[in-house]
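Trainee: The sequence and its predicted three-dimensional model are supplied below.
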Amino acid sequence: MFLSHYETTEVNQIHQFLLEHGESVQSLPGSKSHDTFTWAEPLKAIGSDVSAQLSDGPGINPNETQGTKNREYWQKVLQGLEDELVALKCHYEAVQAERKDTLNKLLDLKENIRIFCRMRPFLPNDRWPLLGPILIPETATIHTLKCGQKRNFQLDKVFLPDSSQDEVFSEIGPLVRSAIEGQNVCIFAYGQTGSGKTFTMEGTKDHPGIVPRALQQVFLEASLDSVAVFSITFSMLEIYRGQLRDLLVKSSGKMPQSGVNCTLSIQMGASGSVEVENLTQVRIESPTEALHLYEKGASLRSTAWTNSNETSSRSHCLLRIMIEKNHGQRGLKTMNKLWLIDLGGSERLLKTKAQGQTLEEGKAINMSLSALGDVISALHRKKHHVPYRNSKLTQVLQDSLARSSKTLMLVHISPKEDDLGETICSLGFASRARSIHLGHELSSEAVQQREVGIAELVKSSKNLDEKIQNMRAEMKVLEQLIQSRKHFTTEDETLEEEEARHLIFDEEGSRKKSSKFLDTSEFKPKYVSSIPRFMNPTLSSSYKKRLSVDNLHSAGPDNKIRRRRHSFSCVADTGMKETEAVKSSRTQKVKTDDTRKGEGKQQYKQKLNTSSAILFEEVTLDSTVTRFSSRARILQKIDLNHSFWR
Ligand SMILES: Nc1ncnc2c1ncn2[C@@H]1O[C@H](COP(=O)(O)OP(=O)(O)OP(=O)(O)O)[C@@H](O)[C@H]1O
């Protein structure tokens, strides 16, 4: 039991002390008021030690003042915690670097350019709900059968019609992370009209797509980086019939609003970075803000009714997230782009029977898609010349489609037999981008080896992610602990200063006042020094107490003593029943204090949680009754645990 060592030291000391003062242990509860401050000292020591043991705090050394002891102890604790936090932060950075390395290795192994396919499910209005001519025998292969002609397409991954938005984003998440870590990233949704590009990118309220999820992740990753400072901006533009249009600037029809320069031009910086001159850039602080902008921009996008889709996108919609990363003390600054692109629907113009404007839109879309395919293919084949200049789309994306960047193309296909021709075209585009038809396929052994390597890296990346999560949680706890411990040390320091300023007793025991404001000596014996500052009486409570004491004094010189003796005796004599009475009077006081200074009580509660200080709990309430109850409680504790009092 934690009180046992008092039997030989402090408790004997109290006993001795009381005897010297003409008191006995049994008469302790009825002690004279003039003694209370002096004999309170050993009791205070017990109380502090009890609280210290409970809160794993300092022990008692009678030669040291409690304030100094506490302060030194908490400072040591604080220092230890701070050292631990620094070490953890170093380790955290190392693990972060390891994770980044693993991620890069993984993306390299998966290749910088990857082509996925997503097949949308049948929709209620689909006329040909038969999946006969399209087969997906493996996770990365599609077979088609048209007019007796079989064709195989190899992709990096195929998402089946029942794939969820979650599954799709699980492949996107690492790319968003590498954008935060300093790489340019392009994510495209490609496919025929009505194949589900907008569904994948934007999604619905119940099934959010890549855009809302990526925005969320960008901010999440940025907030978790404890070292770098991020500045994130949002831009949105469309490429309509070969022209760039700012989607964050309202225009009447297709004409620029008066006074607003909507003429966007593509500029190439000296370092090879591409800038779209006059494009609106909005600094965003949250995903909600970004989504609000996205909604605004999407509402301005050019759409039209087509045979295949009621609200068919007639342009390429490009969302750009610029991430400026300030790498803290190293003074390094990086700027990179995350592009989320919903391409215009690829379509065979003969099939859609498009005419007039729709025909022109279709032509423009097809031309730029073809140019994009050429660029991706050239990059994939590591060709010396990459034909960026063949379309506005590839020009805008030049620095983000470089070899050092990451590109993911999600080719969308329809499950309908009716759309088979379009599906084969889209898969042909995917194959061309992957350069498969040029005999660049890996041998089955090499593919197997690569798969094993990827699986291992995925596993270690997951482990590192878990480790990082744990470390973040650990750091948070440490930071909270440091904050709470700091509270203790500063309060102890302040109290010591205050003690020095408002020295209560001189050596003869007579009262001294050093402040004209704080006449709290009557109610603040020295042992209060170990009580946090917020537990001290306020000016008004001190004043109130003084009034009550004056009243008591006016009622008769002994009143105060008697009253004190009475409440104390009650506790000692009638045990629990009377303790309840004291408790209720204390509760009363809490309620009054609560309404008067709710904040103080909050702090008080917080303190109790952190320190588990039993003594504090009682002494907190700066009334005579509570202070007695504090002592009584200590006595009760001793009484319960030792036969000493019997
Ligand atoms: N995976 C899916 N799950 C459920 N519904 C989907 C899915 N993919 C697409 N759809 C539905 O199919 C319809 C067409 O999809 P969407 O508008 O996304 O096509 P799109 O390729 O963007 O067309 P366009 O190029 O004409 O803009 C929408 O009603 C959409 O909700």
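Mentor: That came through fine. Computed from a predicted structure; not experimentally measured. Numbers count the residues shown, from 1 in each chain.
Trainee: where exactly do the strands run in the stretch 51-200 of the chain?
Mentor: 113-119, 134-138, 141-146, 149-154, 157-159, 185-191 (DSSP state E, counting those that start in this stretch).
Trainee: Quick check: residue 225 touching residue 180?
Mentor: Yes: counting by Cβ atoms under 8 Å, residue 225 touches residue 180, with 7.4 Å between them. For every residue, glycine as well, the C-beta is placed using N, CA and C.
Trainee: Between these two, tell me which one has more neighbours.
Mentor: Shown here are residue 225 and residue 180; by other Cβ atoms under 10 Å, residue 180 has more neighbours (24 against 15).
Trainee: Please tell me how far that one sits from the ligand.
Mentor: In this view, residue 180 and the ligand are 27 Å apart by Cβ to the nearest ligand atom, to the nearest Å.
Trainee: Chain neighbours aside, what residue packs nearest to that residue?
Mentor: Once flanking residues are discounted, residue 180 sits nearest to residue 221: 4.2 Å by Cβ to Cβ, 6 or more residues apart in numbering.
Trainee: Near the one you found, how many other residues are there?
Mentor: 17.
Trainee: is it fair to say it lies in a helix?
Mentor: Yes: checked against DSSP: H, G, I helix; E, B strand; the rest coil, residue 221 lies within a helix.
Trainee: can you pull the contacts of it?
Mentor: Counting by Cβ atoms under 8 Å, 6 or more residues apart in numbering, residue 221 touches 176-177, 180.
Trainee: Rebuild these as JSON lines, extending it with pLDDT.
Mentor: Output for those, formatted as JSON lines (pLDDT from 0 to 100):
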{"residue": "176", "pLDDT": "91"}
{"residue": "177", "pLDDT": "86"}
{"residue": "180", "pLDDT": "88"}
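Trainee: now for the helix or strand hosting residue 295, which elements pack on it?
Mentor: Using DSSP states H and E, residue 295 sits in helix 287-299. Contacts defined by 3 or more Cβ pairs under 8 Å, 6 or more residues apart in numbering; DSSP states H and E place helix 287-299 against helix 210-224, strand 229-240, strand 282-284, strand 316-326.
Trainee: Counting neighbours, show which residues of the last one come out buried.
Mentor: Neighbour-count burial for strand 316-326 flags 316-323, 325 (criterion: 16 or more other Cβ atoms under 10 Å).
Trainee: got it, and the longest one?
Mentor: Along helix 210-224, these residues count as buried under the neighbour rule (16+ other Cβ under 10 Å): 210-219, 221-222.
Trainee: With the second one instead?
Mentor: Along strand 229-240, the positions that meet the burial threshold by neighbour count (16+ other Cβ under 10 Å) are 232-240.
Trainee: Just the C-alphas of it, formatted as PDB.
Mentor: Provided in PDB are the C-alpha atoms of strand 229-240 (Å, rounded to 0.1, in the frame of the first residue of the first chain):
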ATOM      1  CA  VAL A 229       4.700  24.500 -45.000                       C
ATOM      2  CA  PHE A 230       2.300  24.200 -47.900                       C
ATOM      3  CA  SER A 231       0.600  26.700 -50.000                       C
ATOM      4  CA  ILE A 232      -2.000  25.200 -52.300                       C
ATOM      5  CA  THR A 233      -3.800  26.900 -55.200                       C
ATOM      6  CA  PHE A 234      -6.700  25.800 -57.300                       C
ATOM      7  CA  SER A 235      -7.200  26.500 -61.000                       C
ATOM      8  CA  MET A 236      -9.700  25.000 -63.500                       C
ATOM      9  CA  LEU A 237      -9.700  25.400 -67.300                       C
ATOM     10  CA  GLU A 238     -11.200  23.700 -70.300                       C
ATOM     11  CA  ILE A 239      -9.900  23.100 -73.700                       C
ATOM     12  CA  TYR A 240     -12.800  23.700 -76.000                       C
END
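Trainee: Pairing partners for it, with directions?
Mentor: strand 243-246 (antiparallel), strand 282-284 (antiparallel), strand 316-326 (antiparallel) (DSSP bridges).
Trainee: and that strand, what's its mean pLDDT?
Mentor: The predicted model gives strand 229-240 an average pLDDT of 92.
Trainee: now do the last one
Mentor: Per-region confidence: strand 316-326 scores 93 on mean pLDDT.
Trainee: So residue 176 is in contact with residue 215, correct?
Mentor: No: with contact defined as Cβ under 8 Å, residue 176 does not reach residue 215; the gap is 9.1 Å.
Trainee: what about the residue of the stretch 151-300 of the chain found nearest the ligand, distance to residue 289?
Mentor: Residue nearest to the ligand within the stretch 151-300 of the chain: residue 196 (2.7 Å; Cβ to the nearest ligand atom). Here residue 196 is placed at a distance of 27 Å from residue 289 (Cβ to Cβ, to the nearest Å).
Trainee: Out of those two, name the residue with the larger neighbour count.
Mentor: When residue 196 and residue 289 are compared on other Cβ under 10 Å, the one with more neighbours turns out to be residue 196, at 21 against 16.
Trainee: Name the residues of the stretch 1-150 of the chain found near the ligand, please.
Mentor: 120-121, 123 (Cβ under 6 Å from any ligand atom).
Trainee: who wins for most neighbours among these?
Mentor: residue 120 (21 neighbours).
Trainee: gap between that one and residue 146?
Mentor: 19 Å.
Trainee: what's the answer for residue 363, then?
Mentor: 25 Å.
Trainee: Settle this for me: residue 265 is touching residue 279, isn't it.
Mentor: No: counting by Cβ under 8 Å, residue 265 does not reach residue 279; the two are 9.4 Å apart.
Trainee: any shared contact partners between those two?
Mentor: Common neighbours of residue 265 and residue 279 (Cβ under 8 Å, 6+ apart) are residue 244.
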